[in-house]
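Chemist: model the following, please.
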Amino acid sequence: MMRKRLRPEALTTSYLSTIGREKTTASITHSQFHVDLWFCFTVQNWILDFGRPIVMIILPLDWFPLNKPSAGDYFHMAYNIITPFLLLKLIERSPTTLPRSAVYLSIITFVMGTSIHLVGDSVNHRLILSGYQNHLSVRENPIIKDLKPTSLIDSFELLYYYDEHLGHSMWYIPFFLIFFLYFTGCFTQAKEEMMPWSGWLLLGPSALYYWYLVTEGQIFVLYLFTFFAMAATVMRQKRLGYTLDSNGRFLLYNFIITLGLVVVWVAYLWNDSVLRKKYPSIIYVPEPWSYYTLHIKSS
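Modeler: Okay, the predicted model is just below:
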């Protein structure tokens, strides 16, 4: 019995149809809501980032001497390891192939920025325990302005620069860049994909954390730029016939709610003369911990 020979065109057609089926299957898989990743992001952000200064205040000072790492420092170390891992896992689930060089450079910069911030923030919290007041500038703080020689004040200002400026920039710019790169792949030509109930449950605590991140990190301009870029991407993709999947909606809703929370926060502290002096720039967004040392800790 003679076997029928397949023509090259038939082989090509069969191969392409197989690839098409694989792409369709992969697209369906990737479009599912990543409740496991978003849940891990939310929990570790609240515990390891927001919880760092709180655990330092709650735990007895005798357990963690001022010349040793504190519990908050260990939380920060865990954050520096877990967060880039979660970001990489998120990128792996992107429905589209993202530029690897941009992802790698962002992760490397993120780790370096959070490491710089770890050192500066650790010293800063020990200064708070010694009487440092966050709502005042470095030179206006009572425990700093009387230091001798006065060149030591320059050293503390350098530490503040590494903590609040360089560390934050190298931390948050790649952090938001990775989220934006992932967001650009969250579009589909299928019917409109709604967010599941698990996403709605995570949305509140997630957006509240990002309010803290934007205000405490003093990154409102970066956040606003990222939000506008996401909105522009949505409008452009909609003209091409694409709609957001559930993961893209979760990110976009996070940014919208966060913007509302920041506006309420700024309006509440709009007439605070002390914080106005600490944050004299055109964009006035006070830090929550400055508010704490000014209005809550003293009372």
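Chemist: use CA for all of it now, contacts and neighbours both
Modeler: OK.
Chemist: helices of the stretch 51-200 of the chain, start to end?
Modeler: With DSSP state H, counting those that start in this stretch as the criterion, the stretch 51-200 of the chain has helices at 51-58, 71-92, 100-129, 142-145, 151-161, 167-183, 197-216.
Chemist: what's the angle between the last one and helix 167-183?
Modeler: In other words, helix 197-216. Calculated by axes from the mean of the first three to the mean of the last three Cα atoms, to 10 degrees, helix 197-216 forms an angle of 150 degrees with helix 167-183.
Chemist: in helix 197-216, what counts as buried?
Modeler: The neighbour-count check on helix 197-216 (16 or more other Cα atoms under 10 Å) flags 199, 202-203, 205-216 as buried.
Chemist: cool, and the fourth one?
Modeler: Of the residues in helix 142-145, those scored as buried under the neighbour-count criterion (16+ other Cα under 10 Å) are Ile144.
Chemist: among the helices of the stretch 51-200 of the chain, which is nearest Phe41?
Modeler: Proximity to Phe41 (Cα to Cα) singles out helix 71-92 among the helices of the stretch 51-200 of the chain, at 7.3 Å.
Chemist: ok, now which ones touch Ile257?
Modeler: Ala207 (Cα atoms under 8 Å, 6 or more residues apart in numbering).
Chemist: just the element for it, please.
Modeler: Mapping Ile257 onto the secondary structure by DSSP states H and E places it in helix 246-268.
Chemist: next secondary structure element downstream of that helix?
Modeler: Downstream of helix 246-268, the next assigned helix or strand under DSSP H and E is helix 273-278.
Chemist: ok, and for that following helix, which residues are buried?
Modeler: In helix 273-278, counting by 16+ other Cα under 10 Å, buried: 275-276, 278.
Chemist: could you do stretch 78-92 as well?
Modeler: 79-80, 82-84, 87, 90-91.
Chemist: could you pull up the mean pLDDT of it?
Modeler: On average, the pLDDT along stretch 78-92 is 96.
Chemist: please apply the same query to stretch 154-165.
Modeler: Average pLDDT, stretch 154-165: 87.
Chemist: please apply the same query to stretch 248-257.
Modeler: What stretch 248-257 shows for mean pLDDT is 96.
Chemist: from the chain's centre, how far out does stretch 274-283 sit?
Modeler: 24 Å (Cα atoms, centre = their mean, to the nearest Å).
Chemist: out of the helices of the stretch 51-200 of the chain, flag the one nearest Ser290.
Modeler: Distance to Ser290, taken as Cα to Cα, is lowest for helix 197-216 among the helices of the stretch 51-200 of the chain, at 8.7 Å.
Chemist: run through the neighbouring helices and strands of that closest one.
Modeler: For helix 197-216, the elements it packs on are helix 35-44, helix 246-268, helix 288-291, judged by 3 or more Cα pairs under 8 Å, 6 or more residues apart in numbering; DSSP states H and E.
Chemist: which one, of the ones you listed, ends up nearest to Gly131?
Modeler: In terms of Cα to Cα, the element of these nearest to Gly131 is helix 288-291, at 13.2 Å.
Chemist: now that closest one, how far from the centre of its chain.
Modeler: How far helix 288-291 lies from its chain's middle: 19 Å, per Cα atoms, centre = their mean.
Chemist: from the contact counts, what lies against it?
Modeler: helix 197-216.
Chemist: helix or strand right after the helix it packs on?
Modeler: Next in sequence after helix 197-216, counting helices and strands by DSSP H and E, comes helix 220-239.
Chemist: helices and strands around that next one, which ones?
Modeler: Here helix 220-239 touches helix 167-183, strand 243-244, helix 246-268, going by 3+ Cα pairs under 8 Å, 6+ apart.
Chemist: and the contacts of that helix?
Modeler: 173, 176-177, 180, 183-184, 187, 214, 243-244, 252, 255, 285.
Chemist: quick one: these as a markdown table, columns for distance to Lys297 too.
Modeler: Below are the contacts of helix 220-239 laid out as a markdown table (distance: Cα to Cα, whole Å):
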| residue | distance to Lys297 |
| --- | --- |
| Ile173 | 31 |
| Phe176 | 32 |
| Leu177 | 36 |
| Phe180 | 37 |
| Phe183 | 40 |
| Thr184 | 43 |
| Phe187 | 47 |
| Val214 | 22 |
| Thr243 | 48 |
| Leu244 | 44 |
| Leu252 | 35 |
| Phe255 | 30 |
| Val285 | 20 |
